[in-house]
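Colleague: Can you look at this prediction? I've put the sequence above it.
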Amino acid sequence: MTSPSFSGQRLGLPPQGPGSVASLLRRLVAILVDWTLCQLVATALLDLTWGEVVGAQAFAPLGLFLLLNLVLVPTIGTTPGHRLLGIRVVSLDGDGQQPPPPGRAALRALLLGLFVPAIILDADSRGLHDRAARSVVVNAR
């Protein structure tokens, strides 16, 4: 058995362009954008001082991050960070153009919130959270 020559080949995705597996760098920057946005919103909503959050309030940005992913990924397939970087999450079921259904998107969001599953990648550059949800992050443009 030969190894794939590019990420996504085993999934039937193109080697480059729209629909191809998004690069790790683009996915990391998208998460950084989303996390920063959640930090800013939590700081503003809770009237907190940046960097001086303690106790249960420290989990507010994570809660917003999970909510962001729970609402936007199954409905439009992107978060603000994804949209900015030109990537989106698609389900591997069906035509490969639709976002994952709500249940699988919820599983993906919860595993993404744990962080570790997201940094363990397979041969197609998918994190364990995407494998569990049968989804992949692809280039939208």
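Modeller: That came in fine, so what should we check first? Numbers count the residues shown, from 1 in each chain.
Colleague: What part of this protein, helix or strand, is modelled with the least confidence?
Modeller: helix 116-119 (a mean of 86; mean pLDDT, DSSP states H and E).
Colleague: Just checking, which helix or strand succeeds that one along the chain?
Modeller: helix 128-132 (DSSP states H and E).
Colleague: Next secondary structure after that following helix?
Modeller: Once the chain leaves helix 128-132, the next helix or strand it forms, by DSSP H and E, is strand 135-139.
Colleague: And the average pLDDT for that following strand is what?
Modeller: For strand 135-139, mean pLDDT rounds to 97.
Colleague: helices or strands next to that strand in the packing?
Modeller: strand 87-91, helix 102-114 (3 or more C-beta pairs under 8 Å, 6 or more residues apart in numbering; DSSP states H and E). (Glycine included, C-beta is placed from N, CA and C.)
Colleague: The shortest one: partners in the sheet, and parallel or antiparallel?
Modeller: Here the strand partners of strand 87-91, with direction, are listed using DSSP bridges: strand 135-139 (antiparallel).
Colleague: quick one: the strand it pairs with to chain centroid distance?
Modeller: From the chain centre to the centre of strand 135-139 is a distance of 9 Å (C-alpha atoms, centre = their mean, to the nearest Å).
Colleague: what inclination does that strand have with respect to helix 102-114?
Modeller: On the basis of axes from the mean of the first three to the mean of the last three C-alpha atoms, to 10 degrees, strand 135-139 is oriented at 80 degrees to helix 102-114.
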